[in-house]
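> Turn this into a model:
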Amino acid sequence: MLVDRLKSLGIFAECVRQGSFRGAGRALGLTPSVVSYHVKQLEEELGRPLLYRSTRRLSLTDAGERLAASAEAILGLAETGLMQARDPEAALSGTLRITLTSAMAGSPIAATLARFHGENPQVVLDLHYSDTWEDLVGDRYDLALRSGGMADSSLMCRKLWDMPRVLVASPDFLAQYPPIEAPADLGQIPWVRFAKMSDQRVLTGPKGQEAQVQQSGNITVNNIEAMSDFARLGMALASPPTHFVAADLAAGRLVEVLQEWQVAPIPVYAVWPAGAVANPLTTRLLDMLAKMQH
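I've put the predicted structure just below:
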């Protein structure tokens, strides 16, 4: 019966949290044998093991990883439903694990996350900034905020924003070269290149015309802040997200190159596992991100 399955899922989730049958039993007021029985019931129904058992600690199989993520989401949904049934105006609670690319720091997305937390102070925001595309299911993330192209068709995604970029350099760096008057003048000037992206840049002119520029230079970084640093230090041209260098442009530490030409923006997506159970925390945050002020 579904009720029995839900009970078993709750006990299994507590096993994962506690790392042992005995710990789960103490937390739930059950004997270890009862805890073991419920986990075995799930394993028999699924026809595969969920846990590797050792004398020290339990660890999850691949199937266990997938089920644990769904079990946590189901329990979170139930807890939120009970809370809002008691008080419809109550703020959400629970934990929301999000992985983000480093380019999101200082962007409107960061401001939206701050507003979400301000409106829902009982929600634990567990934010992981990384330019590595994490395994959402295996690492048990609720949501990823990623920039660039989307290739994994097994994930659900929603486009949130086109992150603007700007072509910049320091005044001292530009003084070393002839005046840059057209995209064709950029070909022989060194750039700071970003490891995760193509070494070609597309620029759009004032009349909508496009020019493709092949980046030259021998500096490659895997971090947007490092790209901006090297531009400020007069090492090369760079095309970081605009919000990373807005203060430097205002202070004159950097200047915009070819102001009439725009660097192609970076698309930003919210991504989540296709088979994930609907999570009210994720749904609320996605709604806010979709309405954020760019």
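> Mind pulling up the pLDDT for Cys15?
According to the prediction, Cys15 has pLDDT 87.
> helix, strand or coil for Thr95?
strand (DSSP: H, G, I helix; E, B strand; the rest coil).
> List the beta-bridge partners for it.
Under the criterion DSSP bridges, Thr95 forms beta bridges with Val124.
> Next up, the contacts around it.
When contacts are counted by Cβ atoms under 8 Å, 6 or more residues apart in numbering, Thr95 touches Gly76, Val123, Val124, Asp126. (C-beta placed from N, C-alpha, C; glycine too.)
> Of those, select the buried ones using a PyMOL command.
A single PyMOL command selects the buried members of those (16 or more other Cβ atoms under 10 Å):
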select buried, resi 76+123
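> Columns pLDDT and distance to Asp62 on top of the contacts of Thr95, output as a markdown table?
As requested, the contacts of Thr95 are exported to a markdown table (pLDDT from 0 to 100; distance: Cβ to Cβ, whole Å):
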| residue | pLDDT | distance to Asp62 |
| --- | --- | --- |
| Gly76 | 70 | 22 |
| Val123 | 88 | 29 |
| Val124 | 89 | 26 |
| Asp126 | 92 | 23 |
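> Dump the contacts of Thr95 to JSON lines, plus distance to Gly23.
Output for the contacts of Thr95, formatted as JSON lines (distance: Cβ to Cβ, whole Å):
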{"residue": "Gly76", "distance to Gly23": "20"}
{"residue": "Val123", "distance to Gly23": "26"}
{"residue": "Val124", "distance to Gly23": "21"}
{"residue": "Asp126", "distance to Gly23": "22"}
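> Helix or strand: which one has Val16?
If you go by DSSP states H and E, Val16 is part of helix 2-18.
> now the helices for this protein?
2-18, 21-28, 32-46, 62-86, 108-119, 171-174, 224-232, 242-251, 280-290 (DSSP state H).
> who wins for proximity to Pro273 among those helices?
Pro273 sits nearest to helix 62-86 of all these, at 7.5 Å, using Cβ to Cβ.
> in the sheet, who's paired with the nearest residue to Leu286 once chain neighbours are set aside?
In space, and not counting its chain neighbours, Leu286 is closest to Ala270: 5.8 Å by Cβ to Cβ, 6 or more residues apart in numbering. Legend: beta-bridge partners of Ala270 under DSSP bridges are Leu145, Arg158.
> Kindly tell me how buried Ala270 is, as a neighbour count.
21 (other Cβ atoms under 10 Å).
> Repeat that for Gln259.
Other residues close to Gln259 by other Cβ under 10 Å number 10.
> where does it land on pLDDT?
On pLDDT, Gln259 comes in at 93.
> circling back to that earlier point, okay, angle between the helix holding Val16 and helix 32-46 too, please.
If you take axes from the mean of the first three to the mean of the last three Cα atoms, to 10 degrees, helix 2-18 sits at 120 degrees to helix 32-46.
> packing partners for helix 2-18?
helix 21-28, helix 32-46, helix 62-86 (3 or more Cβ pairs under 8 Å, 6 or more residues apart in numbering; DSSP states H and E).
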